[in-house]
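Enquirer: Fold the following and give me the result.
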Amino acid sequence: MKVDHKRELDAYRARAGEFRVIDVPALQYVMVDGRGDPNTSQEYADALAALYPVSYTLKFASRKQLDRDYVVMPLEALWWAEDMASFTSARDKSRWKWTAMILAPDWITGEFFDAAVAEVRRKGVPDTLDAVRLETLCEGTCVQTLHVGAYDDEAAVLAVMHDEFIPGAGFAMTGRHHEIYLSDPRRVEPKKLRTILRQPVRPV
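Expert: Predicted coordinates:
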């Protein structure tokens with residue numbers, strides 16, 4: 001049976017117009033770090049060109065060698081900047097730093113990951129493969145919601161999350177802004193894009 005973590009994990013459920021406090025378990029991801037505007041940065045394009053081959057190689061190897069099949073998860077990213085206004089009022093993407101990532105099941109070990117990277121390297125792509133790593137992310141308590149619409153229209157939702165809901169619920173922001181891209185922008189028009197917006201928090 002093919003495992004679909006989007007259906008099994010509560011951390012991948014969100015509704016538009018609803019801010020929800022959730023407890024996100026420790027999850028491991030295939031990750032690549034970088035900085036700059038994701039719309040224009042070659043570094044971001046190169047990161048995705050490394051993430052996807054490794055993630056699909058892991059899936060096929062898991063199915064063949066371990067008899068454990070799963071759905072490759074959607075692209076996710078952590079975003080941060082020295083000034084959080086870069087995400088809300090300013091939206092200055094050139095100042096953004098990011099970690100692009102795709103979830104890997106907990107049965108994927110470091111040794112299994114290294115073998116997948118080696119397999120991708122044998123095929124000659126991509127140049128950024130050395131930057132790819134397998135790492136566990138522990139976010140804990142988070143606030144999240146679903147944004148439906150263009151990525152550039154997230155600012156108003158984030159402003160409410162950061163400035164109203166989080167302090168009003170007795171929390172302060174901690175950790176990095178997290179986005180989960182449920183839609184493929186190559187196939188879905190901007191106004192219909194579905195993106196989970198998540199912010200780790202701590203009690204005040």
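Enquirer: Now do the nearest residue to A81 once chain neighbours are set aside against D83, distance only.
Expert: Once flanking residues are discounted, A81 sits nearest to R95: 4.9 Å by CB to CB, 6 or more residues apart in numbering. (Glycine included, C-beta is placed from N, CA and C.) Per CB to CB, to the nearest Å, R95 is found 7 Å from D83.
Enquirer: Ok, E135 next?
Expert: Distance from E135 to D83, by CB to CB: 26 Å.
Enquirer: follow-up on the earlier one: so R95 and D83 - more neighbours on which side?
Expert: Neighbour comparison, R95 and D83: the larger count goes to R95, with 17 against 11 (by other CB atoms under 10 Å).
Enquirer: isn't the more buried one right up against W79?
Expert: No. At 10.5 Å, R95 does not count as touching W79 under the criterion of CB atoms under 8 Å.
Enquirer: For the residue nearest the centre of the chain, which residues count as its bridge partners?
Expert: By CA atoms, centre = their mean, the chain has its centre lying nearest to E76, at 1.7 Å. When bridges are called by DSSP bridges, E76 pairs up with M101, I180.
Enquirer: For it, give me the pLDDT.
Expert: According to the prediction, E76 has pLDDT 98.
Enquirer: Repeat that for G124.
Expert: pLDDT at G124 comes out at 80.
Enquirer: And it, how close does it get to P53?
Expert: 11 Å.
Enquirer: Counting neighbours, go ahead and name the busier of the two.
Expert: Set G124 next to P53 and count neighbours by other CB under 10 Å: P53 wins out with 20 against 8.
Enquirer: ok so the more buried one is a helix residue?
Expert: Yes. P53 forms part of a helix when assessed by DSSP: H, G, I helix; E, B strand; the rest coil.
Enquirer: Quick check: buried residues in the helix or strand bottoming out on mean pLDDT in the chain?
Expert: Every helix and strand in the chain was compared by mean pLDDT, DSSP states H and E; the lowest is helix 155-160, with a mean of 92. Buried residues in helix 155-160, counted by 16 or more other CB atoms under 10 Å: 157-158.
Enquirer: just stretch 67-79 next, same as before
Expert: Neighbour-count burial for stretch 67-79, counted by 16+ other CB under 10 Å, picks out 70, 72-79.
Enquirer: Checking N39 next. Helix, strand or coil?
Expert: Strictly by three-state DSSP, N39 counts as coil.
Enquirer: before we move on, what about E18?
Expert: coil.
Enquirer: Surely it and V143 touch.
Expert: No. E18 is not in contact with V143 according to CB under 8 Å; the separation is 10.5 Å.
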